[in-house]
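J.: Build me a model from this:
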Amino acid sequence: MSRYIGPKARVSRRLGTNIWGTKGENAALDKRPYPPGEHGRTRRRGNVSEYLLQLQEKQKARFSYGLTERQFRNLYEEANRREGVTGENMLRYLELRLDNVVYRAGWGSTRPQSRQLVNHGHVDVNGRRVNIPSYRLRKEDVVTLRPKARDMVTVQWNKDVLDRQAPPWISMGDGDNEATVRELPLREHIDVPVREQLIVELYSK
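T.: Predicted structure coming up:
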């Protein structure tokens with residue numbers, strides 16, 4: 001499955017926020033707080049079109065969760081078919097991805113690292129190994145680190161040093177090696193800086 005492997009700092013500078021949560025992106029945003037490119041420093045930012053704002057919000061969400069354009073479009077269309085608010089449905093589906101839950105549980109320092117943990121088969125769902133990062137979890141699903149993964153230096157460092165608190169819709173157990181989806185995430189529990197209504201407006205044209 002394809003994934004973005006280009007320069008991350010350029011994307012973060014273009015969108016004006018730290019997308020992947022790395023120190024390099026923070027340093028780039030502090031050192032050069034303007035878009036990349038020859039005219040990035042001098043480009044006028046006052047007259048921003050409505051379409052550009054919508055596109056930027058979509059790109060923030062897409063890059064943050066590591067989806068391709070086709071995956072993101074399909075996710076929007078599914079969210080639009082379901083009952084409820086389309087934008088909130090879409091963010092809920094993104095949060096319930098297996099790689100994101102691994103990230104929220106504090107086992108991976110970033111979503112790409114969490115995706116790698118899933119790809120390499122270090123995670124069980126309800127007692128069965130699952131290596132599909134986009135696997136969508138449901139209420140009461142239990143995600144567990146496999147024994148080999150618990151002893152990995154990277155995972156131990158993430159749990160001890162990052163000490164990331166799981167959101168209210170995830171309960172941790174078994175020495176923080178087990179994460180249970182207590183309930184479906186609500187909008188106030190999702191801290192990704194994305195204005196989902198602009199994404200809905202973009203796709204609904």
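J.: Can you show me the CA trace of the lengthiest helix in the chain as CSV?
T.: Scanning the chain for the longest helix, with DSSP state H as the assignment, gives helix 50-65. Output of helix 50-65 as CSV, limited to C-alpha atoms (Å, rounded to 0.1, in the frame of the first residue of the first chain):
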residue,chain,number,x,y,z
GLU,A,50,-12.2,29.5,0.0
TYR,A,51,-11.1,26.6,-2.1
LEU,A,52,-7.5,26.8,-0.7
LEU,A,53,-8.8,26.7,2.9
GLN,A,54,-10.9,23.7,2.1
LEU,A,55,-8.1,21.9,0.3
GLN,A,56,-5.6,22.6,3.2
GLU,A,57,-8.0,21.2,5.8
LYS,A,58,-8.4,18.0,3.7
GLN,A,59,-4.6,17.7,3.3
LYS,A,60,-4.1,18.2,7.0
ALA,A,61,-6.4,15.3,7.8
ARG,A,62,-5.2,13.1,5.0
PHE,A,63,-1.5,13.4,5.8
SER,A,64,-2.1,13.3,9.6
TYR,A,65,-3.7,9.8,9.4
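J.: what sits against residue 126?
T.: Contacts for residue 126 (Cβ atoms under 8 Å, 6 or more residues apart in numbering) come out as 141-142. Heads up, the C-betas are built off the backbone N, CA and C, glycines and all.
J.: try it again with 10 Å
T.: Applying Cβ atoms under 10 Å, 6 or more residues apart in numbering, we find residue 126 in contact with 137-138, 140-144.
J.: In those, find the pair that's most separated.
T.: The span of the contacts of residue 126, defined through Cβ to Cβ, is set by 138 and 144 at 15.6 Å.
J.: which residue sits closest to the residue nearest in space to the middle of the chain, ignoring its sequence neighbours?
T.: By Cα atoms, centre = their mean, the chain has its centre lying nearest to residue 65, at 3.1 Å. Spatially, and ignoring its direct neighbours in sequence, residue 65 is nearest to residue 94 (4.8 Å; Cβ to Cβ, 6 or more residues apart in numbering).
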